[in-house]
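Participant: Structure for the following, please:
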Amino acid sequence: MTTPLLIALPHLAILDVTGEDAEAFLHAQVPSDIRLLSAESAQISGWCTAKGRLLTTFVIWPIENGYRLVLANDVRDAIAKRLKMYVMRLKVQVTPAAEVVYGLLNPPAQLDNLTLPTADWQVTRQNDLTGVRLDATRVLLTGPQSTFQTVSSTINKGSSEAWLLSDIAQGFPLVTQATSEHYVPQMVNLDKLGGVSFKKGCYPGQEIVARTHYLGKIKRHLYRVSSAQPLIAGTEVRSAMLNGQACGSLVTVAPEPDGIWLALAVLQQDATEGALYIQTEAGEQTLTLIDLVLPEAA
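Facilitator: Numbering: from 1, shown residues only. Below you'll find the predicted structure:
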């Protein structure tokens, strides 16, 4: 039986969007349809520029008087500042939360007094803990640090690298500061994961995202790659097929216990037929293509 692991996730942070107009405000800003959310459900979503490029991606679910977003820690403050620019006269507050984010790999049925969710994107709550089921192997948790200090004595602890490796295994696209404004949603499969609605009204970048969908002109896709040397998110990937031109970039990277590095990478499809590498001070660092990420449609 696989051992449950509780993992602190300091690379993730919380942003709460609350107020009387929170739903209308977010509905006009994000590509997903948050009106489909219930108190017991979450979804993946993002926020785009006017050119349809993702500023960030996040997991979102309803809270009292609004919504909670879990996103990359290194973009949270910039996203909060930018979101506030669009509030105008709406009754909306955008607040970085003091609570922290943890994850459970191979989750048990229960953590402390919290019965954990069992279906993908299901949300459960108990007192000050909230659990969101991301996929077959993981539950995302938010709550006060003091609560996690208490429950951590009852369960084995894991590393943040193990969580990032599971992001790569599951094809979960976390857009961080290093990759902000690099990709349209379809390049990281946000549409296949339920993070884009093609039936809702306007939002920033909607015209570009919709055109890409209906014309089918997406040339870059999400792949898994590996390397024998360390990798850095945001690094450009180059292609021998394209005479050394950049053909994409690394999205999420993490080392395996044996020292091999794995990554999610957005790559130009025709470039994957030849050798791939990144340029370092020491020279060319070879990348090995593993596979194309094809998540099940949400």
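
Participant: So D120 versus Q170, what's the distance?
Facilitator: 11 Å (Cβ to Cβ, to the nearest Å). No exception for glycine: its C-beta is placed from N, CA and C like everyone else's.

Participant: between these two, what contacts are shared?
Facilitator: L134, D135 (Cβ atoms under 8 Å, 6 or more residues apart in numbering).

Participant: tell me which element T56 falls in.
Facilitator: Taking DSSP states H and E as the definition, T56 sits inside strand 54-63.

Participant: tell me the angle of the very next helix or strand once past that strand relative to strand 54-63?
Facilitator: Later in the chain than strand 54-63, the nearest helix or strand by DSSP H and E is strand 66-72. Here strand 66-72 runs at an angle of 140 degrees relative to strand 54-63 (axes from the mean of the first three to the mean of the last three Cα atoms, to 10 degrees).

Participant: List the neighbouring strands of strand 66-72 plus their orientation.
Facilitator: As defined by DSSP bridges, the strand partners of strand 66-72 come to strand 12-18 (antiparallel), strand 54-63 (antiparallel).

Participant: which ones are touching the residue lying closest to T280 once chain neighbours are set aside?
Facilitator: Residue nearest to T280 in three dimensions, not counting chain neighbours: Q229, with 7.9 Å by Cβ to Cβ, 6 or more residues apart in numbering. Each residue near Q229 by Cβ under 8 Å, 6+ apart is listed here: W261, T280, Q285.

Participant: For those, which single residue is the most surrounded?
Facilitator: Greatest neighbour count in those, by other Cβ atoms under 10 Å, goes to W261: 20 neighbours.

Participant: SS state for the residue lying farthest from the centre of the chain?
Facilitator: The centre of the chain is farthest from one residue, N243, which by Cα atoms, centre = their mean lies 31.9 Å away. For N243, the assignment made with DSSP: H, G, I helix; E, B strand; the rest coil gives coil.

Participant: Tell me where the stretch 1-150 of the chain has helices.
Facilitator: 22-27, 73-84, 145-151 (DSSP state H, counting those that start in this stretch).

Participant: by contact count, what packs against the longest one?
Facilitator: Counting contacts by 3 or more Cβ pairs under 8 Å, 6 or more residues apart in numbering; DSSP states H and E, helix 73-84 packs against strand 12-18, strand 54-63, strand 93-96.

Participant: In CSV, list the C-alpha atoms belonging to stretch 245-257.
Facilitator: This file holds the C-alpha atoms of stretch 245-257, laid out as CSV (Å, rounded to 0.1, in the frame of the first residue of the first chain):
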residue,chain,number,x,y,z
GLN,A,245,15.9,28.2,-32.7
ALA,A,246,13.8,28.4,-29.6
CYS,A,247,10.8,26.0,-29.8
GLY,A,248,9.3,26.4,-26.4
SER,A,249,10.1,26.5,-22.7
LEU,A,250,10.1,24.5,-19.5
VAL,A,251,7.0,24.9,-17.3
THR,A,252,7.6,22.8,-14.2
VAL,A,253,10.8,21.0,-13.2
ALA,A,254,11.8,18.6,-10.4
PRO,A,255,14.5,16.1,-9.6
GLU,A,256,13.8,12.4,-9.1
PRO,A,257,15.5,10.6,-6.3
